[in-house]
Each structure stands twice: as C-alpha cells, then as structure tokens.
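> I need the structure of the sequence given here:
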Amino acid sequence: MGIEAEGKDAMPGPISQPQTLADVKTLPELLRWRVEATPAAEAYRHFDAHAGRWVSQSWHEIDAEFELWRQALAAENFSPGERVAILMPNGIAHIAMDQASLSRGLVPVPMHAVDNPDSIAYILADSGALLLFVDTLARWQAIVATGQPLDALKRIVCADMTGPVPADARIVALDQWLASAPGATAPLSDVAVAPDDLAAIVYTSGTTGRPKGVMLSHDNVVANVKAIAHRIAASPDDVFLSFLPLSHTFERTGGYYYPIAAGACVAYARSVPQLGDDLKHVRPTVLVSVPRIYERVYALIMQHRASAGSIERALLDLTIAVGGRRFDARQGRGALSLLDRLAWPLLKQLVADKVLAQLGGRLRVAVSGGAPIAEPVIRLFLALGLDILQGYGMTETSPVVSVNTPEDNDPRSVGHVLDGVEARLGENDELLVRGPSVMLGYWHKPEETRRVKEADGWLHTGDQARIENGRITITGRIKDILVTSTGEKIAPVDLETAILADPLFEQALVVGEQRPFLAALVVLNAKAWVQEKERLAASGKQGGAAERAALLARIAAAVKAYPSYATPRAVWWTLDPWTIASGLLTPTLKNKRPALEHRFAEEIAQIYAKKPAATVKAQ
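Presented below is the predicted three-dimensional model:
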C-alpha cells in the first residue's frame, strides 16, 4: 500500500472555518474551530516548576503560544508531507510541536519518551524525519551513539541543552529556535490538507520485531473523535488529567484531540510518581487510563483491608456488596432492596467517598483501555460509584472501536462499536472491523498492510471475540502476542529468538501477560555459564545478585533493537533443558507456551511477587 501524503502549497488566504464539530474534516480545522468557539475557556493546565504553581491557559492564549511554534517551523521551509519526530514527555511543548506540524501540512511522528536509543534511531531513519524535537541533549547523544545513519535529519531542536554541545550545526536550543523565527504581522494561514492526508505515523511493535509505522489520516482521527463524542459526551466543564504517553494513540485521540472537540480542559500530570498528588490537586472529572492505574489503587485498597480492624473491614465489604447491587440495579440487571437504598447514603459517606477522594473526589467517568482489566478490579470501582468504562481499540483503528457507556455498562465486555464502525467475526472467531477510523496502512510495508487489511477495508485485529446483540466480548488472541497491564503489545517469540542469539542461552520463554513488566525464563549453556561466572569472579562479583545482573544485562543487549518496554526486567534460570519428552516442546522444538507456564507457575508467581528487578534462581 505504502500511502504517503502528497505535497501541497500554502493557501494564499485564510481557510473557511467550520461552524460545528460535524463540519470539521481535519485536525487543524478542529483546533481553529475550538479557539473560535470558546476563546476564553480554560484549555490547558500545567505545573510551572520555576513558579512552583499550576498555570492555566485559555484557548486563545494557547493558540497564541502555538503561533510561535508555527512561525519557527515555517522558517525551516519543509514541504508538506514531510515528517517531524517528537520525542518529548507529555506537556504543552509536545502538543505545541504537534499542532505546529499539523498546521504546516507536516506529519508528526510521536515516539515513546522512554524508549531505548536503538528503537528511536530506527524510527527516525525509517520515517525519514527531517526534524527531531527531543527533551535533552543527552538523549540525542545516546541516539547518535547507536551508529544509525540519520542523514535525513536537518534540524534537532533540544529542550534542555545541558552538557557539552557537539559541533553539529543542526542542533539548536528550543528557546533560540522559537526566538529566531521571523515575526509576522498576522497569524500564518494553515497549509491546506485533505481529509485523506497523513495526520501521524504512530509506531507500534509488530510480529517482525521492528516497530511498524501506522499511517493515520486526518479523516481517521477526526472520525474517531466525532464517534467518541457521540458515545461519551464530555463538556467544557470537564477536566482531564493527562499522564499516558502522547505517543500512544489511546491518549493521543482520547486525551488530547477529543478534549479539543469537547472544549474540555486538559491538565498535564507532572510525572507518574507524582500522580497521586496531582489527582488530589487537579481533581479531574474524566480519567483516561490503562488498567495498571486502577490495579494499583485496587491493590492499595486490598492491602488496607487486610490490615484494617474488623469494623472497618466489615464496612468496606458491605459498601462493595451494596454498591455492587446498586450498580447492577442501575444497569437493569437486578433490583435494589429498601435496606440497600437506606444503607447506601451512609456507606457512601463513610467509605466510598473517602476512597474516591484519593482520585480527586470529582471523577464522574473513567475510561480503561489498552489492555483488559480484571473483573474484580473494575467491579470494585463500579461498586464505589465510579463509572469505569472498558473499551477496545488498537493503533490501527485510531484507536477506539467500541466502548461501554454509563447507561449501558457490562464490565465483562468492551461495549458496542462506535457509530460508523462495523464489526464481524472471521475465521477462528477473529474480530474484523471496518470504518473510517481504520488506518491507511503501514508505512513502507505494503505486504504487512495487505496481510491485515483486506481490499474492501476489513481489518484483521488478531483478537478472538464474541458479538452478542452488538456487544463485543474479547475472548482471546489469534496471534501469540503478550499484552502487559500497561497496554503494551509484545511478540514474545521475537524476543525469545533475539535472546537465543546469545550463546549463553539455550532456551528462553518470555512471560508477562497482564503483568506490569516482562520476565524471562531461560535455560543456560552449562559451559558458557561456567565461563560467565569465572568472568564475574575475576571482576570481584559473586553471588545471586551479581549473576542476576549479568544475565539481565546480556538479555537487555540481545533485545536492544526492541522498544524499551519489551526488555525483560526479571529472570529465572536453570541448566535443565526443556524437552519433547517432558511435554514442554513441540516435535519441531518450539516452546509449548501453556505447558511451560503451567510447569513453572510457581517460579513465575515468585518473580511477580517481588519488585521488578527481582529474580528467582532455580535450585
């Protein structure tokens, strides 16, 4: 397929503005429409570290700030359709470069701010990006150290220039880059873009091991935004708290473009470690998250319950029981007794409100996506009175395919498909979807595109499902893909193959389904392991901790070409090989994953009972 944006010239005059959201056809139009509609309303909120306080900006103010970026980017004289890579954490600077790129007809390439240098270098080279916006000079130097030729890059804009600046004329500090842009007596006119032009190339890991660039058009994203707005109505009074990476399409569409459509405010969290404090300060009304955040709160609640006194424990249990029946009754799946009705106001005051205060106390809806959420976790929050809505999507669908609503919420499912989206089951109950939000294809990978997207537009998701009365329930996956609790999708076979390229490892199994990180179970080559331990001893390193660190370092080196989240963070090892006779290998010597996970269930459980860096050594 290999669709690429065609170059266009800037319009000589202003582009006509849409009157309603229904009239919006491109992302630059979306922002222009919002600024025109509610210029004085609060648009963004962020923490100013220098001032030590939270700062708000209206739509008019933020658009004026974006204009500085538009002017600076226009001065680079890039042609429409060229790529601009953004390697920045969430925040105003990230979206400013994104909006500036879109206004100039350029194509943003958002990247994981914590990805490893090898993966970043690959994406930069593969996308052919002409400009890189990077957070620190040290990050850029780490990318250079990979040795990947990046001759296409014409400009590196660095937010933090701390450290010796290399002799590279392409590098410029962000403040200098913005200040050097020629002034203009009037705002720049947006470059004309068509709905089917590229709005982003979002890289996602695939079964080939290397990231694949998902090509999303303006129509793909805008159609998804409109469908979300029709299903779940946010308002200008809502406040979103953004902490998921803007390199994820889930956050990009649901937590960035959709609030523009709704006119809602987005507050950018300072960091994940400070998320608890930010929730209490910002007090968001809408939260978009992967299951991991809800799982952490659930774990804290359960830990507190375990150490609580008998009365406090009984009150929590009663609140969950009554609240659960209250939720079911609201969904038409049961009746609420008079006793439950009388008890709930007191239980809400004594228990539910205090628990939800940890999330700010104002949340009216929370969306969970990116990975399945365990039913006990979602049921707990529903019982406490927080509407958690589970949805389904993927980068290739911009991303939302389906989602529950507060009025029709079955936590065992991922809801009904959005308006304009079709879904059906294919061979082996694979979920197929079709609609305006389905990607154009994979960047420079026509064969990969044809493999997943049929000529008539049906996309193969790789997930197995049931569809009952239009409601989708995901039951499994066709492909052998791990989905961590943070929503990352990883092909374990590719990682295992990479690990086995190191002669120290005879066999390998990567695990991490619905876990916060990956772990590797490995069979070592006995001779090579003796040599490795001798090397460690010679350098004064002995014992389990040193051995663990050495193995993790070898594994990390073996998988360095993969995204950072695909690096195993714990290891268990043995010298006893897995065999066909033991039922752990197929006749062609492939891992029998279910059998291995069953055989080593106790060892895997011990790994995840410890901190991420922990390891368990075979006896």
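
> can we go C-alpha only for contacts and neighbour counts from here?
Will do.

> mind checking the SS state of the residue nearest to A329 when sequence neighbours are not counted?
Residue nearest to A329 in three dimensions, not counting chain neighbours: A335, with 5.0 Å by CA to CA, 6 or more residues apart in numbering. Put simply, A335 is coil when judged by DSSP: H, G, I helix; E, B strand; the rest coil.

> ok, which stretches of the stretch 251-400 of the chain are helices?
Using DSSP state H, counting those that start in this stretch, the helices assigned to the stretch 251-400 of the chain run over residues 258-262, 275-282, 291-307, 310-330, 338-347, 353-356, 375-384.

> pLDDT averaged over the first one - what is it?
If you average the pLDDT over helix 258-262, you get 98.

> Show me what that helix is in contact with.
With CA atoms under 8 Å, 6 or more residues apart in numbering as the test, helix 258-262 has contacts from 21, 30-31, 34, 225-226, 228-229, 233-236, 240, 265-266.

> and the residue nearest to A329, what does it touch?
Counted by CA under 8 Å, 6+ apart, A335 has contacts 325-326, 328-329.

> do the same with E42
56-59, 264-265.

> now do D48
Taking CA under 8 Å, 6+ apart as the test, what D48 contacts is 54-55.

> Would you list the phi and psi of it?
phi -90, psi 110 (degrees, to the nearest 10).

> if I look at it, how far off is H60?
19 Å (CA to CA, to the nearest Å).

> Now the weakest link among the helices of the stretch 251-400 of the chain, please, by mean pLDDT.
Among those, helix 291-307 scores lowest, at a mean of 83.

> Residues in contact with the longest strand anywhere in the chain: which ones?
Longest strand in the chain by number of residues (criterion: DSSP state E): strand 459-468. With CA under 8 Å, 6+ apart as the test, strand 459-468 has contacts from 424-425, 428-434, 438, 452-453, 472-479.

> so what pLDDT did the residue nearest in space to the middle of the chain get?
Residue closest to the average C-alpha location in the chain (CA atoms, centre = their mean): H248, at 3.6 Å. pLDDT, H248: 89.

> how far away is it from F78?
Distance from H248 to F78, by CA to CA: 26 Å.

> same question, E496
41 Å.

> and those two? which has more neighbours close in?
Between E496 and F78, E496 has the larger neighbour count (other CA atoms under 10 Å), namely 22 against 17.

> Find out how far the helix or strand harbouring the more buried one is from the centre of the chain, if you would.
Using DSSP states H and E, E496 maps to helix 492-499. Distance of helix 492-499 from the chain centroid (CA atoms, centre = their mean, to the nearest Å) equals 22 Å.

> For D196, what are phi and psi?
According to degrees, to the nearest 10, D196 has phi -90, psi 10.

> wait, what's in contact with it?
Contacts of D196 (CA under 8 Å, 6+ apart): 217-220.

> repeat for S119
By CA under 8 Å, 6+ apart, the neighbours of S119 are 210-211, 560-564.

> Next one: it relative to I171, how far apart?
S119 is 21 Å from I171, by CA to CA.

> Likewise for L279?
From L279 to I171 the distance is 37 Å (CA to CA).

> same deal with D23?
For D23, the distance to I171 - CA to CA - is 40 Å.

> Between the two, point out the one with more neighbours.
Higher neighbour count among D23 and I171: I171, with 19 against 12, using other CA under 10 Å.

> While we're on the more buried one, how confident is the model there?
97.

> Show me what the closest residue to G254 other than its chain neighbours is bridged to.
Leaving out its chain neighbours, the residue that sits closest to G254 by CA to CA, 6+ apart is V288, at 7.1 Å. V288 forms beta bridges with V367, as assigned by DSSP bridges.

> Pretty sure V288 sits against R364.
No: if you go by CA atoms under 8 Å, V288 and R364 don't touch, sitting 11.8 Å apart.

> Show me which of those two is the more surrounded one.
V288 (21 against 15).

> Tell me how far that one lies from P273.
Counting by CA to CA, the gap from V288 to P273 is 17 Å.

> And P149, by the same measure?
Where P273 is concerned, P149 sits at a distance of 36 Å (CA to CA).

> So if I had to pick from those two, which one is more boxed in?
A direct count of neighbours by other CA under 10 Å for P149 and P273 places P149 higher, at 12 against 9.

> secondary structure element for the closest residue to the more buried one other than its chain neighbours?
Using CA to CA, 6+ apart and skipping the chain neighbours, the partner closest in space to P149 is A125 (7.3 Å). Using DSSP H and E, A125 sits within helix 117-127.

> thought Q390 was touching V414?
Yes: with contact defined as CA under 8 Å, Q390 reaches V414; the gap is 5.3 Å.

> Now do the shared contacts for those two.
403-404.

> what does the model give E4 for pLDDT?
At E4, pLDDT is 39.

> so what's the residue lying closest to W529 once chain neighbours are set aside up against?
Leaving aside its chain neighbours, W529 sits nearest to L504 (6.4 Å; criterion: CA to CA, 6+ apart). Residues in contact with L504 (CA under 8 Å, 6+ apart) are 524-525, 528-529.

> Next, give me the two most distant ones among those residues.
L524 and A528 (7.7 Å; CA to CA).

> In terms of neighbours, single out the busier of the two.
Shown here are L524 and A528; by other CA under 10 Å, L524 has more neighbours (22 against 13).

> For the more buried one, give me its contacts.
Contacts of L524 by CA under 8 Å, 6+ apart are 504-507, 573-575.

> same check, this time on V351
315-316, 319.

> Repeat the analysis, applying 7 Å as the threshold.
The neighbours of V351, taking CA atoms under 7 Å, 6 or more residues apart in numbering as the test, are 316, 319.

> From the domain annotation, what segments belong to each domain of this protein?
Domains of the chain are assigned by automatic domain parsing as 58-193, 491-617.

> Select, out of those, the one closest to S398.
From the domains of the chain, taking CA to CA, the stretch that ends up closest is domain 58-193, at 13.8 Å.

> Now the terminal residues of that closest one, how far apart.
Note: domain 58-193 ends 26 Å apart using CA to CA.

> what do you get for stretch 239-258?
End to end - CA to CA - stretch 239-258 spans 12 Å.

> cool, stretch 202-216 as well?
End-to-end for stretch 202-216, by CA to CA: 8 Å.

> from now on call the first residue 16
Right, with 16 as the first residue, what we last looked at is stretch 217-231.

> tally of neighbours for A79?
Neighbours of A79 (other CA under 10 Å): 13.

> Can you read off the pLDDT for it?
Looking at A79, its pLDDT reads 95.

> swap in the one 10 residues further on?
As summarised for this prediction, A89 has a pLDDT of 95.

> What about the closest residue to it other than its chain neighbours, how many residues nearby?
Distance criterion CA to CA, 6+ apart; nearest residue to A89, sequence neighbours excluded, is R119 at 6.9 Å. Other residues lying near R119 total 28 when counted by other CA under 10 Å.

> before we move on, what about T476?
T476: 19 neighbours (other CA under 10 Å).

> Same check on D591?
Counted with other CA under 10 Å, the neighbours of D591 add up to 12.

> Please name the residues that touch the residue lying closest to it once chain neighbours are set aside.
What sits nearest to D591 in space, not counting adjacent residues and going by CA to CA, 6+ apart, is V538, at 6.6 Å. Counting by CA under 7 Å, 6+ apart, V538 makes contact with 520-523, 588-592.

> closest to P54 among these?
A523 (56.7 Å).

> Quick check: that closest one touching A534?
No: taking contacts as CA atoms under 7 Å, A523 lies outside contact range of A534: 10.3 Å.

> With neighbour numbers in mind, choose between the two.
Applying other CA under 10 Å to A523 and A534 shows that A534 carries more neighbours, namely 26 against 23.

> Against G527, how distant is that one?
A534 is 6 Å from G527, by CA to CA.

> contacting residues for the nearest residue to N606 once chain neighbours are set aside?
Counting by CA to CA, 6+ apart, L600 is the residue found nearest to N606 once chain neighbours are left out, at 4.8 Å. Neighbour list for L600: 593-594, 606-607 [criterion: CA under 7 Å, 6+ apart].

> Lovely, talk soon.
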